[in-house]
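[1] One predicted model, sequence on top.
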Amino acid sequence: MSNTRTRLVMGNWKMHGNLGQNAKLLASLRAAPRSASGTLMAVCVPFPYLAQAAEALKGSAISWGAQDVSAQAQGAFTGEVSGAMLVDFSCRWALVGHSERRSLHGETDQLVADKAKAALACGITPVVCVGESLAERDAGQAVAVITRQLAPVLALGAEAVKKMVVAYEPVWAIGTGRTASPEQAQEVHAAIRAALVAAGAGNIQILYGGSVKASNAASLFAMPDIDGALVGGASLVAEDFIAIAA
Ligand code: PEP
């Protein structure tokens, strides 16, 4: 690897799982030998299962987090979950701005930045997800869209951004089986890296997400600005997720 950033492979379980399935999956992850490459593994589980993940993974090398966090600290916000609540379950990570939150729940770029700020205020690392739609890519707008999505996040300042992770997830590659080629992904990662350098936080991890599997992980991870992956579907199958990290 041409840089000093630790590789990170993070699972996003989305709205999948139950107590029984999770117990088996978490036990298999816990039992897996640590990747020889030193790649870190993490899982972002549905809120009700944070206690289960914390209990099952405590003392292991695998960390856990949530798939969202409220921009608010506390109060009359029915259905929301605050950063402080996530800290009660020793969460290290919170995804913010996943494309499903942006498209299905109308989350704006500014709200995503506010969520990242709220996570940081509680000592949780926000994993800021960005990515263009297929129409935007076809219109040659990929980098412009990502630049727009990142702007309010970068406006939080270098000291804040240095404590974040960015995940580039082209919407057309999420859950579709269609992965960006390593070159396509690298091109956008390089643009994100340039924006991070300009913001004074050039060395944070940038993950790629979108139909990552064991068969395509190595070629993606060989790219200079791809520091790991955010993995949806394949993170639900222990051997697939372990193989990606390996
Ligand atoms: C995701 O939801 O973040 C994701 C990348 O999903 P998948 O790996 O299934 O495409």
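    It's in.

[2] Now do the same contact list for the residue lying closest to Gly65 once chain neighbours are set aside.
    Sequence neighbours aside, Trp93 is the residue nearest to Gly65 in space, at 2.8 Å (criterion: Cβ to Cβ, 6 or more residues apart in numbering). For glycine as for every other residue, the C-beta is placed from the backbone atoms N, C-alpha and C. Counting by Cβ atoms under 8 Å, 6 or more residues apart in numbering, Trp93 touches 10, 42, 44, 63-66, 124-127, 165.

[3] Throw these into a markdown table and include secondary structure and distance to Gln186, thanks.
    Below are those laid out as a markdown table (DSSP: H, G, I helix; E, B strand; the rest coil; distance: Cβ to Cβ, whole Å):
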| residue | secondary structure | distance to Gln186 |
| --- | --- | --- |
| Met10 | strand | 19 |
| Ala42 | strand | 23 |
| Cys44 | strand | 24 |
| Ser63 | strand | 26 |
| Trp64 | strand | 29 |
| Gly65 | strand | 26 |
| Ala66 | strand | 29 |
| Ile124 | coil | 28 |
| Thr125 | strand | 23 |
| Pro126 | strand | 23 |
| Val127 | strand | 19 |
| Val165 | strand | 17 |
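
[4] Bridged to the residue nearest to Gly65, which residues?
    Gly65, Thr125 (DSSP bridges).

[5] From the ligand, how far out is it?
    According to Cβ to the nearest ligand atom, to the nearest Å, Trp93 and the ligand sit 13 Å apart.

[6] now swap in Gln72 and tell me
    Distance of Gln72 to the ligand, computed by Cβ to the nearest ligand atom: 24 Å.

[7] same thing with Val127?
    Distance of Val127 to the ligand, given as Cβ to the nearest ligand atom: 10 Å.

[8] list the contacts for whichever residue of the chain sits closest to the ligand?
    Of all residues in the chain, Gly232 sits closest to the ligand, at 2.1 Å by Cβ to the nearest ligand atom. Gly232 is in contact with 11-12, 14, 174-175, 209, counting by Cβ under 8 Å, 6+ apart.

[9] Sort out which of those residues are in strands and list them.
    Among the contacts of Gly232, the residues falling in strands (DSSP state E) are 11-12, 209.

[10] show me which of those neighbour the ligand.
    The residues of the ones in strands among the contacts of Gly232 that also fall near the ligand, by Cβ under 6 Å from any ligand atom, are 12, 209.

[11] Dump the ones in strands among the contacts of Gly232 into CSV; add distance to Arg30 as well.
    Shown next, in CSV, are the ones in strands among the contacts of Gly232 (distance: Cβ to Cβ, whole Å):
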residue, distance to Arg30
Gly11, 13
Asn12, 19
Gly209, 23
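
[12] Which of the ones in strands among the contacts of Gly232 lies at the shortest distance from Leu111?
    Distances from Leu111 to these, taken as Cβ to Cβ, are shortest for Asn12 (18.9 Å).
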